[in-house]
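[1] Requesting a structural model of the entry that follows:
(chains A, B, C and D)
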Number of protein chains: 2
Amino acid sequence: MGLAMGSAQQLTNDAPNLAVSTVIFTLRPDPSGSLKVALPLVKRIRAPFQNQWALPGGPLQITEDLSTAASRNLLETTGLGPRYLEQLYAFGSLDRSPGSNLADRVVSIVYWALVGTDEAAAAIESENVQWFWADDLPNLAFDHNIIVDYALDRLRNKLAYSQLAHLFLPELFTLAQLREVYEAVLNLQLDPGNFRRMVEAEGTVEPTGERLAGTRHRPPQLYRATKSGENK
Amino acid sequence: MGLAMGSAQQLTNDAPNLAVSTVIFTLRPDPSGSLKVALPLVKRIRAPFQNQWALPGGPLQITEDLSTAASRNLLETTGLGPRYLEQLYAFGSLDRSPGSNLADRVVSIVYWALVGTDEAAAAIESENVQWFWADDLPNLAFDHNIIVDYALDRLRNKLAYSQLAHLFLPELFTLAQLREVYEAVLNLQLDPGNFRRMVEAEGTVEPTGERLAGTRHRPPQLYRATKSGENK
DNA sequence: TTGGGTAAAAGTCAAAATGACACTAAGATG
DNA sequence: CATCTTAGTGTCATTTTGACTTTTACCCAA
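    Okay, the predicted model is just below:
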């Protein structure tokens, strides 16, 4: 209970350290042109797991909210703001970083975010920040592979019983584009007719009256998200 | 970035403190005999919020996992072990404890737990630990009213698309008892026939062949939970 | 011993939701 | 103008859901 003495390098602490990390999802066209889920990772520049890829994150500042820290992760790695941001889970097992001692223990509160397909195309990429396909990740630092899988599960679940698919898209979109989002995230094929019926029944999108020109077929209606069904 | 100097009383820290709290649910018969959701609270013995009721919890020990800490909360307040335990959410707003300064900032990782109706009847109760109806709580310390509401939402959701209702019950139970759990938690009436059809279709319970005697009507079959559909 | 009360358990039925699929519309392309 | 392609509409059988009826098997009181 007395005053703990720090080492020269680091304050010795009897409490775990607290960090916030963020899983950032977007959709990008793969070489064949179909959309796939992608996320940015940062290369670690120090031990442990030096030179391995990891989720963007860092210590929680004493002055910032959890979600603010998550937004900061997002901004610092991609230069973007979130279209959607939600807390995912707090990971705090004792064995998250094998070999390290208890004083280095870190509890990570992880958020997940969506960024628009259009915005993400203009996002920062560099030596130390690169985008990966969510279904084809390298071995990540710490337990970050597990975390990404967990976030993917949540994304797929949310998409099914919530209305956030349009957040990947620009303000105006066709039902085909919306369907493509579902197909990319859920990794399955949807019947266009039935999909239309479902979306119209939900009332979360409304036709704008405008049509998208320049297709090689009948011009599709452009829709926008309704105010009511923003999300949840 | 230098070595922080502590006061005589407390180590001044540039990181938020980390605590684990647990919302513990059970079902108890109310005066009229029907089951209602109840939870134990502890009376705070020091400021802030001295003498107000609060969720059981405390600082996370450097040597224990998050879920272990939650189990410890449960054991220390009720003397019981959890039938079910799941992380709920990490609460970390800057204004959780109005009036306190940043050095006292606490991020709480909250778990929620189920304990059996039978076990809970024998749980500890004292001056400083009492059970309350979930739908009739006093003003709790910190943001704990919000947390309980959040946990109730989660419980109701989980019950609907997951199979944990039987965790409130003893090993053997009738379908009427199982239905009573749903009705108490979701606060609605269910058609007995349709409920039976639903439960049988899910295959999460199996008849034991035994029947419950002593009722004033046709003796109901006793069921148990199947291994396969334990939960999730 | 029998008739009434009660909830268990099984069964019925119409409405709604779902999945598979066919058909027509309206543009582009050659 | 014939053809290709996807938009958009329509059909239909199957499954699921909610409301309800009927029959079963016990207790209890007359």
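
[2] mind checking the backbone torsions on the residue lying closest to A:His166 once chain neighbours are set aside?
    Spatial nearest neighbour of A:His166, excluding adjacent residues (CB to CB, 6 or more residues apart in numbering or on different chains): A:Ala225 at 4.7 Å. (Each C-beta comes from the backbone N, C-alpha and C, glycine too.) For A:Ala225, the backbone dihedrals (degrees, to the nearest 10) come out as phi -70, psi 140.

[3] Please apply the same query to A:Val185.
    Torsion angles, degrees, to the nearest 10, at A:Val185: phi -70, psi -50.

[4] Which SSE is immediately downstream of the helix or strand of chain A with the lowest mean pLDDT?
    The weakest-scoring helix or strand in chain A, judged by mean pLDDT, DSSP states H and E, is helix A:117-120 (a mean of 94). Using DSSP states H and E, the next helix or strand after helix A:117-120 towards the C-terminus is strand A:129-133.

[5] list the contacts for the residue nearest to A:His166?
    A:163, A:166, A:204-205 (CB atoms under 8 Å, 6 or more residues apart in numbering or on different chains).

[6] Surely A:Gln189 and A:Glu183 touch.
    Yes - at 6.3 Å, A:Gln189 counts as touching A:Glu183 under the criterion of CB atoms under 8 Å.

[7] From the neighbour counts alone, determine which of the two ranks first.
    Per other CB atoms under 10 Å in any protein chain shown, whichever of A:Gln189 and A:Glu183 has more neighbours is A:Glu183, with 15 against 9.

[8] For that one, pull up the helix or strand it's in.
    helix A:175-186.

[9] and that helix with DNA strand D, contact?
    Yes - using CB under 7 Å from any atom of the strand, helix A:175-186 reaches DNA strand D at A:175-176.

[10] who's in contact with that helix?
    Against helix A:175-186 from outside (CB under 8 Å, 6+ apart): A:27, A:34-37, A:155-156, A:159-160, A:165-166, A:168-169, A:189-190, A:192, A:195-196, A:199, A:205, A:220-221, A:223.

[11] try it again with 6 Å
    A:27, A:35-36, A:156, A:159, A:165, A:168-169, A:190, A:195-196 (CB atoms under 6 Å, 6 or more residues apart in numbering or on different chains).

[12] Show me what the top helix by length along chain A packs onto, helices and strands only.
    Identified as the longest helix of chain A according to DSSP state H is helix A:144-161. Packed against helix A:144-161, as judged by 3 or more CB pairs under 6 Å, 6 or more residues apart in numbering or on different chains; DSSP states H and E, are the following elements: strand A:17-29.

[13] Work out the gap between the strand it packs on and the centre of the chain.
    5 Å (CA atoms, centre = their mean, to the nearest Å).

[14] what angle do it and helix A:144-161 make?
    Angle of strand A:17-29 versus helix A:144-161, following axes from the mean of the first three to the mean of the last three CA atoms, to 10 degrees, is 60 degrees.

[15] next structured bit after strand A:17-29?
    Where DSSP H and E defines the elements, the next helix or strand beyond strand A:17-29 is strand A:35-43.

[16] How about residues contacting that next one?
    Contacts of strand A:35-43 (CB under 6 Å, 6+ apart): A:24-30, A:53-54, A:56, A:77-78, A:128-129, A:131-134, A:180, A:184.

[17] What about the contacts of A:Ala225, which are in helices?
    Per DSSP H, the contacts of A:Ala225 never map to helices.

[18] Same list (the residues you listed) but as JSON lines, adding neighbour count, pLDDT and distance to DNA strand D.
    Output for the contacts of A:Ala225, formatted as JSON lines (neighbours: other CB atoms under 10 Å in any protein chain shown; pLDDT from 0 to 100; distance: CB to the nearest atom of the strand, whole Å):
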{"residue": "A:Gln163", "neighbour count": "20", "pLDDT": "90", "distance to DNA strand D": "18"}
{"residue": "A:His166", "neighbour count": "24", "pLDDT": "97", "distance to DNA strand D": "15"}
{"residue": "A:Thr204", "neighbour count": "20", "pLDDT": "95", "distance to DNA strand D": "16"}
{"residue": "A:Val205", "neighbour count": "19", "pLDDT": "97", "distance to DNA strand D": "11"}
